[in-house]
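Participant: Make a model of this:
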Amino acid sequence: MKSVLLILAAILISGGLYFLMTPGNHMHILLVGNSTGTMATRDQEMLSLIESRFKAYESELGITFRFSVLDGNLSPDQLVAEFKRISTEAPADLVIGCGDSFCLRQVLPVVEKNNLTFLYPGASEGLFDSASLVHLGPVPNQFLFPSLSWVKQHLGKSVMYLGGEDIRSRMLGRMLRQHLLPVSGIDMVSEEYLGAYEQVPSILEKIRDYQPDVLLFDACDWLNHPGFSSELSRVDIRIFSLCTDSDQRVASNYYFVSHYFDHPHNQANVEFKQFVAEQVTEPDALNAMAIGAADLVISLLRDREMTAAEISYALRGRNLLSAAGSMAVDVNEEGTWHTLFIGQNNQGETRLLWMSDTKLRPEMFPGSEGPSDWLHNVTIYWRNNRGRYRTGSIGGKEWL
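Facilitator: Model prediction:
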């Protein structure tokens, strides 16, 4: 009897050791992005880059990475059901992805409920209060605030703001109207939101009528429409794009702000461009941060074996020399410190006009309003927009 008990104990101990050691050799990463809809191509290219990056380091790290994909375009109930199905097969260790904040806002509640860490590579309107989120792209105090100052100094003091019908553009518009413009000396002659493509002619007519010095552009997703940028090019107006993540042309000649600039002397950028070229993907800010998300995790796993919980903790305050330059995850979970660039794109030729002297600190809830006030406005928009964070239609049919 005693020998039987000893054998059972040995089996239990060896089984326990196997359970403890296995996570160090295997990691399940849940990739999130739109698998359907207008933004599916962008997101699937981004997720493919992330997966390829991890797989390239499997031998060096001695870790086998497993990947599952969650469609961020699903309804909330469908997201819960699909996440449960994936978790039943194999619980996820980390979540990475979403190409925009609309996807992020849909998926984040599911991730929070399951106590996982979500690495989000995109820029956003900020206004997130989540211990699960590692926000790698810039937030408005990093890209909107310096842009407005530069526009006033170099382009003019009257602006028209054009956003999409989405939470990002609406909250940026509120920041401009309530917090920035009253103290900047800049006059906003009109504030427009493009929810249906049929609005384009009337918006262009307003630009001609009001004749602002500058069009502040944030209708970023409409750049996926094949004729939209050419429509904008027909109007004689200087355009300043706030679409930090995209390398899509806004018009034939425009100004832009971004945390990524194609710097030939940044060795990390040279390597990044070679890597994305092999994947037949464009080198833009979103893909740079997607690779950055993978590289942050890989850099931690190089140091030592880590559980998912240890990785989540170790990411706070972590520095990385990325394709976008030097960056650092904020220790207070506010976002990521970035260098910002302002440039001009004229007929495909890009030149740098300004860059921040140092990395800019992220501030998730800017201005004089507190977090609860901002979150209240986010909820109001979501309810008024019938439970959606973004809408866009063509001919009455849903397009975005």
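Participant: per-residue confidence at the residue nearest the centre of the chain?
Facilitator: Computing the C-alpha centroid of the chain and ranking residues by CA atoms, centre = their mean puts G122 first, at 1.1 Å. Note on G122: pLDDT of 98.
Participant: got a list of what it touches?
Facilitator: For G122, the contacting residues are 98-101, 104, 136-137, 245, 286, 289, by CB atoms under 8 Å, 6 or more residues apart in numbering. Any C-beta I mention is one placed from the backbone N, CA and C, and that applies to glycine too.
Participant: hmm, 7 Å instead?
Facilitator: For G122, the contact set (CB atoms under 7 Å, 6 or more residues apart in numbering) comprises 98-101, 137, 245, 286, 289.
Participant: Quick check on it: phi, psi?
Facilitator: For G122, the backbone dihedrals (degrees, to the nearest 10) come out as phi -90, psi 170.
Participant: Over to the one 10 residues further on?
Facilitator: Note on S132: its backbone torsions stand at phi -80, psi -20 [degrees, to the nearest 10].
Participant: now swap in G72 and tell me
Facilitator: Taking degrees, to the nearest 10, you get phi -70, psi 0 for the backbone angles of G72.
Participant: Quick check: next helix or strand after the worst-scoring helix or strand of the chain on mean pLDDT?
Facilitator: Within the chain, no helix or strand scores below helix 2-25, which has a mean of 43 by mean pLDDT, DSSP states H and E. Using DSSP states H and E, the next helix or strand after helix 2-25 towards the C-terminus is strand 26-33.
Participant: which other helices and strands contact that next one?
Facilitator: With contacts defined as 3 or more CB pairs under 7 Å, 6 or more residues apart in numbering; DSSP states H and E, strand 26-33 has these neighbours: helix 40-56, strand 64-71, strand 94-97, helix 101-113.
Participant: repeat that for 10 Å
Facilitator: The elements that strand 26-33 packs onto, with contact taken as 3 or more CB pairs under 10 Å, 6 or more residues apart in numbering; DSSP states H and E, are helix 40-56, strand 64-71, helix 76-89, strand 94-97, helix 101-113, strand 118-120, helix 285-303, helix 308-315.
Participant: and the angle for it with helix 308-315?
Facilitator: Angle of strand 26-33 versus helix 308-315, following axes from the mean of the first three to the mean of the last three CA atoms, to 10 degrees, is 60 degrees.
Participant: for strand 26-33, which positions count as buried?
Facilitator: Residues 27-33 are the ones in strand 26-33 that count as buried (16 or more other CB atoms under 10 Å).
Participant: which one of the residues you listed is nearest L215?
Facilitator: The closest of the buried residues of strand 26-33 to L215 turns out to be G33 (CB to CB; 29.7 Å).
Participant: just checking, P91 touches I29?
Facilitator: No. P91 is beyond contact range of I29, at 11.6 Å (criterion: CB atoms under 10 Å).
Participant: Now do the shared contacts for the two.
Facilitator: A308 (CB atoms under 10 Å, 6 or more residues apart in numbering).
Participant: give me the element M327 is part of.
Facilitator: strand 325-329.
Participant: got TSV for the buried residues of strand 26-33, with distance to V110 and pLDDT too?
Facilitator: Shown next, in TSV, are these (distance: CB to CB, whole Å; pLDDT from 0 to 100):
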residue	distance to V110	pLDDT
M27	20	94
H28	16	97
I29	16	97
L30	10	98
L31	14	98
V32	10	98
G33	14	98
